[in-house]
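Colleague: sharing a sequence plus its predicted fold:
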Protein chains: 2
Amino acid sequence: VPLREKNLISHIRRSARRSKAVLTGIGDDCAVLRFPPGHELLVTTDFSIENIHFRRAWHPPELVGWRCLTRGLSDIAAMGGEPLAAFLSLAVASDVPQTWVNRFFNGLLTLANKFKVPLAGGDTAQSPSGIQADIVVVGSVPKGRAVLRSGAKAGDQIYVTGALGGAAATLGLLMEGKRVGKAYSPYLRPLPRLAIGQWLRRRAIPSAMIDLSDGLSTDLAHICQESHAGAEIDAAAIPRQRPARDKKPVALDLALNGGDDYELLFTSASSVPSKIAGVQVTRIGLITRSKDMRLLAADGQPRPFKAAGWEHFAQSS
Amino acid sequence: VPLREKNLISHIRRSARRSKAVLTGIGDDCAVLRFPPGHELLVTTDFSIENIHFRRAWHPPELVGWRCLTRGLSDIAAMGGEPLAAFLSLAVASDVPQTWVNRFFNGLLTLANKFKVPLAGGDTAQSPSGIQADIVVVGSVPKGRAVLRSGAKAGDQIYVTGALGGAAATLGLLMEGKRVGKAYSPYLRPLPRLAIGQWLRRRAIPSAMIDLSDGLSTDLAHICQESHAGAEIDAAAIPRQRPARDKKPVALDLALNGGDDYELLFTSASSVPSKIAGVQVTRIGLITRSKDMRLLAADGQPRPFKAAGWEHFAQSS
């Protein structure tokens, strides 16, 4: 069945959650959204491209749709913001079955409904080959309160939410052609940490914040670069995911460099509780004046710590 | 030269116009924008995909970049809005030369600077093949004043800005492998009608408005569908473009069904001047109670008028 634009639009119109924020949704030149007074506008866009960010052989369509939206919502979370609406531009080649597209939308809309984020528009197009999805999320944050990457100061402690490496470990199994059980489901359906980001922002706790999409080493390097600072991380302190039934935590390398965990990494000079919104928060290191990143290994010796996370862009297809 | 994400980001950072609206641009999880009080938020996204919306053999990269942004700004114009910022998600295959990308950005940024619209972010990715660009433009419109497609009423007159068919005529020449002279340049570099849209909205003149991206017949059908009305168009009244030196106007079919003119089509019960912001405005027909569209031909006989404009989606690559 060829992909039909009209089908898609009516599919979205039917399925997208109604929202007080959306005055005019799909079906006009622009979406028109109510905007909360006293707030600033947040905008993020993220591509999900077949054979770069996902593969049809490894990722069921529901997961591709879910993770596509997670990427956008997680960026809003990392600013301490609230999402207003999502927009999807989707290009699909004519040989992609309609069922793939329907299942993709089901996954995306399941997550959208979970966080009450309306899908308020977008664009559809035919792709010459494969699938390209661009997710746009707009949100709001009270004036002057957006949490940037650039505010970390020497002496700030470094914290991370949840546990790391679960997504990379799961992808590793999929790449080996192994079936993954239900226990791995959370790593395939990551939840954006919106409640935690907002909780922290309301209390002005973070000096800098970023979401872990590319892996701890790469995302920490972004904070260091934008804050003109360095960092020292304690390897033993890093919370590593333990996939259920498998009592061993994931390898340190996956926790340091694996991507797609969508946890929050933040710095703070304030006291930080060990649990926020039901999620564990762990101190893993310190912001330093010296601009390099170091990793304290088990032997207590500091070693250079380089950004070695997922650089989708650098991968060959 | 392979496309490098860092090059691109620093290229945008250097080139993008500074704007009072952009508090945090490229280099954080989200862009943070000042939002004018008492306004509603406009959001539009549009794909420009190689071999669907453009061909490298026909379209120089500067024009692809220019037209990519025109599509977004023209949607803001059609709501009577003011653009705040643009975002570009760009996926490029590794065999596309860096010079193509640079020239694409030059075209896009030339138009952005002309309308003082900052490029405030986006995403870059490797494409498995070809070029896919998704442009997002956010804008604002005073509360309750967005001009929708759905407000046309039976008895409203139908107006169009400028003259039609120039873009389709020029593309026809390019497709035949002909060189087009400077006289065709305006059709290759369409200007979004932002000033006209805002002028009309401030005076509450239009009952409905849309931009002509898909062709008059298709875009008029969108207004009729959303307004639950019909239309009667006078073929003789349609302003047809006369490419310079060529004294003949373009064929009626190109004016009726050619796309990419980016003129405004609007309906109104008020009096409308024949020129707005230096651009000719022409009355071409009437909104009717009966829900079909009719074309009054030269013989005065009404004939059925069907949406036959560009449906990029329906084209094969």
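Modeller: Yep, that arrived. Residues are numbered from 1 along each chain as shown, chains lettered A, B, ... in the order given.

Colleague: so who does residue A:91 touch?
Modeller: Going by C-beta atoms under 8 Å, 6 or more residues apart in numbering or on different chains, residue A:91 touches A:124, A:125, A:126, A:127, A:131, A:132, A:133, B:47, B:49, B:52, B:132. Heads up, the C-betas are built off the backbone N, CA and C, glycines and all.

Colleague: now do the same for it: its pLDDT.
Modeller: Note for residue A:91: predicted pLDDT of 92.

Colleague: where does it fall, phi/psi-wise?
Modeller: Here is the backbone geometry of residue A:91 (degrees, to the nearest 10): phi -110, psi 130.

Colleague: I'd say residue A:188 and residue A:63 touch.
Modeller: Yes: in this structure, residue A:188 is within contact of residue A:63 by C-beta atoms under 8 Å, at 5.1 Å.

Colleague: picking up where we left off before, which one of the contacts of residue A:91 is nearest to residue A:57?
Modeller: Nearest to residue A:57 among the contacts of residue A:91, counting by C-beta to C-beta, is residue A:131 at 12.8 Å.

Colleague: which strand residues bridge the closest one?
Modeller: residue A:92 (DSSP bridges).

Colleague: how much space is there between it and residue A:44?
Modeller: With distances taken as C-beta to C-beta, to the nearest Å, residue A:131 is found 20 Å from residue A:44.

Colleague: measure stretch A:174-182 end to end?
Modeller: 13 Å (C-alpha to C-alpha, to the nearest Å).

Colleague: check stretch A:247-259 too.
Modeller: Rule used - C-alpha to C-alpha; the end-to-end distance of stretch A:247-259 is 21 Å.

Colleague: so residue A:131 and residue A:44 - more neighbours on which side?
Modeller: residue A:44 (28 against 23; other C-beta atoms under 10 Å in any protein chain shown).

Colleague: now do the contacts for that one.
Modeller: A:72, A:75, A:76, A:136, A:137, B:29, B:30, B:31, B:121.

Colleague: restricted to strands, list the contacts of residue A:91.
Modeller: If you go by DSSP state E, the contacts of residue A:91 have A:124, A:125, A:126, A:127, A:131, A:132, A:133, B:47, B:49, B:132 in strands.

Colleague: from these, which is closest to residue A:296?
Modeller: Nearest member of the ones in strands among the contacts of residue A:91 to residue A:296, counting by C-beta to C-beta, is residue A:133, at 39.8 Å.

Colleague: show me the shaky parts of the stretch 101-250 of chain A.
Modeller: Within the stretch 101-250 of chain A, the stretches with pLDDT under 70 are A:244-246.

Colleague: show me what from it comes close to chain B.
Modeller: Proximity of the stretch 101-250 of chain A to chain B (C-beta under 8 Å from any C-beta of the partner chain) is limited to residues A:120-130, A:132, A:134, A:136, A:138-139, A:141, A:146, A:148-150, A:209-211, A:226.

Colleague: quick check: phi and psi at the closest residue to residue A:27 other than its chain neighbours.
Modeller: The shortest distance from residue A:27 to any non-neighbouring residue, by C-beta to C-beta, 6 or more residues apart in numbering or on different chains, is to residue B:226 (6.1 Å). Backbone torsions of residue B:226, given as degrees, to the nearest 10, read phi -70, psi -30.

Colleague: ok, residue B:226 to residue A:219 distance?
Modeller: 44 Å.

Colleague: of these two, who's got more company?
Modeller: residue A:219 (25 against 18).

Colleague: quick one, strands of the stretch 151-300 of chain A?
Modeller: Using DSSP state E, counting those that start in this stretch, the strands of the stretch 151-300 of chain A run over A:157-161, A:208-211, A:230-234, A:264-268, A:275-276, A:279-288, A:293-296.

Colleague: if we can go back for a sec, nearest to residue B:298, of the contacts of residue A:44?
Modeller: Taking the contacts of residue A:44 together and measuring to residue B:298 by C-beta to C-beta, the closest member is residue A:136, at 46.2 Å.

Colleague: start to end distance for stretch A:51-64?
Modeller: 12 Å.

Colleague: ok, residue A:199 to chain B distance?
Modeller: Remark: distance between residue A:199 and chain B (C-beta to the nearest C-beta, to the nearest Å) = 17 Å.
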